[in-house]
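# What follows is a predicted protein model with its sequence.
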Amino acid sequence: MNYRILILLALLSFHLSAQEGKKVQFVGGARSMLSTSDFSTEKSDTITVGKTTGGYALIDLGFKINPNAQTEILGMIRINNALGGFWGSGVTFGVRQLHVKGIAGKGIRYQLGNIDYKLSPYTCYNSNPDLILPSIGTTAIKEQIVNYESFYQSNTWRQQGAAADFALLIGKHQDEVKFKGFLFRLNPSNQGTLFERLYGGGSVMLKQHKHIQIGANLAQVFDVKETAMNTDAYRNQVATLMYQINHDTDISALELSGESGFSNTFSTEQLHTKLADYFIHVKGKTIFKKLGLTLEAAYMDNGADFRSAGAQSKRIDFNQQNTFYNRFTNEQIIRPLSYYDLYNDPSLYAIQFSTKLMTYNPAINNVLPYGIATFNRRGTYYSVRYSDKKSCLSMEMKYHRLGEIRGQGTLALRQFDYFIGSIQFKPSSLLHWKKSQTVFLAMAYQHTKRNSTFSFESIDLESYTANLGISCEIADQLFLIGNTFLFKSNGNEILPIRDAQGAIINFQSTVIAGHEYCFSGGLKFEFSKDVYISAFYEHNTNSFIAFNPYQFNQFQIAYIMKF
Amino acid sequence: MKRSIYLLFILVLFGCRKDELNKMDGPSLADLNGQFSVIVPFKASQDSVNFSTGESVYFTAEFSKVSSWKLELIGQSSGAIKEITGLGNTLTSSTTIWDGSTTYFPMFRSELCTARLTIQGEEDTLLTTVKITQPKVNSGFVIADFETAFNPGWSSFIQSGANMDFQIKTDNGAAEENGYLNMAGTVNWDWLIGLINFKATAYGAPTFPLNSNPNNLYFNVLVWGEPSLTNSLVLFQFQEDENGNGSFSSNAEDMYSLQLTVNWVGWKLISVRYSDLVCLVNGAPAAAAGNGVFEPNKLMQINMLHLANPASGYAKSKLDYLIFTENSPLNP
């Protein structure tokens, strides 16, 4: 065997020794938010206090210590001071991040502690099936805050444990083989009925010259037996094969890629409830380099019993209550989660993934509620991407035509149409203006239909989502920002009610009819790319509770810094 | 060769899924939305049952559609109720098995029971009967069930307040069998109304015969909340003889507590894991005076104090069936 260890990544992203030789550095961020809200309903409401003012200032202060060129230790604490909470009251301290990472030997990269991790779209992947539209302007500021607070970084899940990777060059062609391994703790035992639950696995990826990549992934959630007074241990095993075949020329590039695999989900004492299934996802892509055009077509077949905890967890469980105006009207009815809350309240978001199927809102995303790995979906999707050479105009459109594989409560199957597109126009690039001007429009349309001769089985649900954003530099570093966000849904769904093991035990018929509109505008001053202050006003109306529509008016000042 | 490999790849990837067109997840919507009727009559698996020997009884029925059902077993003389609920179109042994346990007190006795099945959204009520020849026997160490007079090994102190009634009673108000401890009175100068010290020596040993693992041991008691009175506090103190000298030193040995504010109405089962008990001083959490280790095998005395704010007037509560169980809380 003629192979040797390759020192990898250490020379690329992991530039420990390159940080100007400093042994201790300060990293982190700071944010200050100030908001005043005015909530009102059309019906009489003498109980809910309409106006609130709140805010906070926080700093995440991290100490990055490099005791040697191969090791990095990061500890980050958070000090949060609620508005009006001087002299100790309203001040909280917490640990936001702790990790040690480095290179062992000559090529094994390791990390211990808090790790932001992903593997593949069907094994460990933090998809975002609820904030489906990309955006700029005010909604982009809010989304950045949510992502920062919830540790969402390019589809990673925040984990606690250990991970390592290394690469080898093998054979006379020096083919590269990358290895990854990880073991995370999802929850500790309570010494009673709750097991110690771990998540472990890894991947092997072979890159054979520049045309072929093939790899395998394994991810497994498992309870450690004898860590609880319980014998019914949970297991979720997912194994997948990934591949990518490229053919690249000066004019175009062709790519065939995909991921296929299977899952087993069971508890050791209830094997009769075991779920086992497989999925296939294959994608063909053509890039016309001179035109800046990319065409893509894909086929997916995600079995009805395919379960992958690391890839099917949602960021938001819709079976939770708001923390902001969670009740209103004189009857103090519960205010369900809305897009307003999704953009404004980071506390609604999960940091850890769940082994249970989380509740979704069919009005927001009924087609792929658990991301691309959503089970019980089969069909095709097509996408077009275009970007001109001056980066003046760029656009992306994707259309899914999917259907169920197995019916729910009936042999009739749901059919889904899902279009999502965005277009970005930068006149400043076209006209060579010094000041940046950007107009961005994103839209999504979903249609779910199930035809049946019985009215109690029929489903017809449509949703429209659109976000028009602008960001215009009106003076040096000063931007006018604004958004028009529209969301509308009409129709009916018959949602499954599941037991603790995820089996469907009943259905709830739901009629959906309403809209949510949000208009916002303000100013943003960029001191630098990572430091800015913004002040904006927004007006939000919501009519999804037919007899109790409500509206928010809100003014916010946000100062955000990363260092 | 390359083309063959690519072709093989594609063929493997597009392998045909087995047909699922005849399968569905969950109960049939047609069943859920159809006309309700009873297909298999409601009946018990046996006419009489002896729960004391570990026997159980279950109930069967089948409906034309999936429904939410509620099965109530009602003791005709005690008034005890066992409630079992479910969702489905059949009642089977796995969903309706009854081991003689109780949902709403008092506990069942040797009596005839009515089994009543109701279906949500339907007017029909299905009835049958089961006779309990012997009620369920609970395993565990019974500290007191008040079926006989005061154990001479216990000690007690009762204030001389107004309307005092601090004694064992055997009327129809017991939660378990016939007797219970009634605790009532007005003491306007002190929080204490009355107390009983349950000493291990009353049971023939210097310490209670309990498992040493505090995570596996549960203290259970049935406590009565008097309608319109919420001022009773019931405090249990668990004194451990850590050094084994036969006496308890409050300065050097652990005393764990369980304080209950009796703000409910009727009988309620309180079950606490021994390791979840806390150290209290005047009702506030405090550090353990001894080694701070839960050692139920060294428990030498349990004090029960009935308390009430002296300004709150008349207070009343009742106690029944103090029992330690292992591995799980009492399933009465």
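Great, that's in hand.
# how many other residues sit next to the residue nearest to residue A:326 when sequence neighbours are not counted?
Nearest residue to residue A:326 in three dimensions, chain neighbours excluded: residue A:335, at 5.9 Å (CB to CB, 6 or more residues apart in numbering or on different chains). Every C-beta, even on glycine, is put in place using the N, C-alpha and C of the backbone. Residues lying near residue A:335 (other CB atoms under 10 Å in any protein chain shown) number 24.
# Now residue A:335. Its backbone dihedrals?
Taking degrees, to the nearest 10, you get phi -90, psi 110 for the backbone angles of residue A:335.
# mind listing what it touches?
Contacts for residue A:335 (CB atoms under 8 Å, 6 or more residues apart in numbering or on different chains) come out as A:322, A:325-328, A:545, A:550.
# pretty sure residue A:152 contacts residue A:315?
Yes - counting by CB atoms under 8 Å, residue A:152 does reach residue A:315; the two are 7.1 Å apart.
# Residues that sit against both of the two, list them.
A:126, A:128, A:349.
# pLDDT-wise, what's the bottom of these?
Per-residue confidence across the shared contacts of residue A:152 and residue A:315 is lowest for residue A:128, with 92 (pLDDT).
# Beta-bridge partners for the residue in the stretch 451-563 of chain A that chain B sits nearest to, please?
Taking CB to the nearest CB, chain B has its nearest neighbour within the stretch 451-563 of chain A at residue A:504, 3.0 Å off. Counting by DSSP bridges, residue A:504 forms beta bridges with residue A:498.
# any idea of the pLDDT on residue A:418?
So residue A:418 comes in at 97 (pLDDT).
# The helix or strand it falls within pairs with which strands?
Using DSSP states H and E, the element containing residue A:418 is strand A:415-425. Partners of strand A:415-425 in the sheet, by DSSP bridges, are strand A:393-403 (antiparallel), strand A:437-450 (antiparallel).
# Just send these back as JSON lines, with mean neighbour count and mean pLDDT too.
What follows is those, written out as JSON lines (neighbours: other CB atoms under 10 Å in any protein chain shown; pLDDT from 0 to 100):
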{"stretch": "strand A:393-403", "mean neighbour count": "17", "mean pLDDT": "96"}
{"stretch": "strand A:437-450", "mean neighbour count": "19", "mean pLDDT": "96"}
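# Output these in TSV; the columns should cover distance to residue A:67.
Listed next are those as TSV, based on distance: least, CB to CB, whole Å:
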stretch	distance to residue A:67
strand A:393-403	45
strand A:437-450	44
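# Output the below-cut-off pLDDT ranges for chain A.
A:1-21, A:85-90 (pLDDT under 70).
# With adjacent residues omitted, what lies nearest to the closest residue to chain A within chain B?
Among the residues of chain B, residue B:26 lies closest to chain A, at 3.0 Å counting by CB to the nearest CB. Distances taken as CB to CB, 6+ apart place residue A:504 nearest to residue B:26, at 3.0 Å, with adjacent residues excluded.
# if I pick that neighbour, what's in contact with it?
A:408-409, A:496-498, B:25-27.
# For ChimeraX, write the select line for the buried members of those.
Buried residues among these (16 or more other CB atoms under 10 Å in any protein chain shown), as a ChimeraX selection:
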select /A:408,409,496,498 /B:25,26,27
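# Longest strand in chain B, by number of residues?
For chain B, the strand with the greatest residue count under DSSP state E is strand B:59-75.
# and the residue nearest the centre of chain A, what does it touch?
For chain A, residue A:128 is the residue whose C-alpha lies nearest the centre (CA atoms, centre = their mean; 3.2 Å). The neighbours of residue A:128, taking CB under 8 Å, 6+ apart as the test, are A:152, A:155, A:315, A:371.
# one more time with 6 Å
By CB atoms under 6 Å, 6 or more residues apart in numbering or on different chains, residue A:128 lies in contact with nothing.
# Next one: it from residue A:449, what distance?
For residue A:128, the distance to residue A:449 equals 25 Å [CB to CB, to the nearest Å].
# Same check on residue A:383?
Residue A:383 is 22 Å from residue A:449, where distance means CB to CB.
# would residue B:173 count as being in a helix?
No - checked against DSSP: H, G, I helix; E, B strand; the rest coil, residue B:173 lies outside a helix; its state is coil.
# burial of the closest residue in space to it that isn't next to it in sequence, as a residue count?
Closest residue in space to residue B:173, ignoring its immediate chain neighbours: residue B:180 at 6.3 Å, by CB to CB, 6+ apart. Neighbour count for residue B:180, taken as other CB under 10 Å: 26.
# Local confidence estimate at residue B:180?
Reading off the model, residue B:180 has pLDDT 95.
# so residue A:347 sits in a helix?
Yes - Residue A:347 sits within a helix when classified using three-state DSSP.
# Near chain B, which residues of the stretch 451-563 of chain A? Just list them.
Within the stretch 451-563 of chain A, the positions adjacent to chain B are A:456-457, A:496, A:504-506 by CB under 6 Å from any CB of the partner chain.
# now the helices for the stretch 101-250 of chain B?
With DSSP state H, counting those that start in this stretch, there are no helices along the stretch 101-250 of chain B.
# Can you name the residues of it that neighbour chain A?
Close to chain A, as judged by CB under 6 Å from any CB, the stretch 101-250 of chain B has residues residue B:215.
# where along the stretch 101-250 of chain B do the strands fall?
Secondary structure of the stretch 101-250 of chain B (DSSP state E, counting those that start in this stretch): strands at B:112-119, B:125-134, B:141-144, B:155-158, B:162-169, B:180-186, B:192-199, B:217-225, B:232-240.
# same for the last one, what does it pack against?
So that's strand B:232-240. Packed against strand B:232-240 by the contact rule (3 or more CB pairs under 6 Å, 6 or more residues apart in numbering or on different chains; DSSP states H and E) you find strand B:255-261, strand B:299-308.
# Over to the first one?
On a contact count with 3+ CB pairs under 6 Å, 6+ apart, strand B:112-119 meets strand B:59-75, strand B:125-134.
# got the contact list for it?
Applying CB under 6 Å, 6+ apart, the contact partners of strand B:112-119 are B:42, B:67, B:69-76, B:125-131.
# what angle sits between that strand and strand B:59-75?
120 degrees (axes from the mean of the first three to the mean of the last three CA atoms, to 10 degrees).
# got the residues of chain A near chain B?
Residues of chain A found near chain B (CB under 6 Å from any CB) are A:191, A:280, A:282, A:405-411, A:456-457, A:496, A:504-506.
# List only buried entries from those.
In those, burial by neighbour count holds for A:280, A:282, A:405-410, A:457, A:496, A:504-506, counting by 16+ other CB under 10 Å.
# Among the residues you listed, which ones are in strands?
The strands, defined by DSSP E, take in A:280, A:282, A:407-408, A:496, A:504-506 from these.
# okay, among these, which ones form the most distant pair?
Between any two of these, the greatest separation by CB to CB is 36.0 Å, found for A:282 and A:506.
# coming back round to it: where does the residue nearest to the centre of chain A fall, helix, sheet strand or coil?
Using three-state DSSP as the criterion, the local structure at residue A:128 reads coil.
# I'm done for today, thanks for sticking with me.
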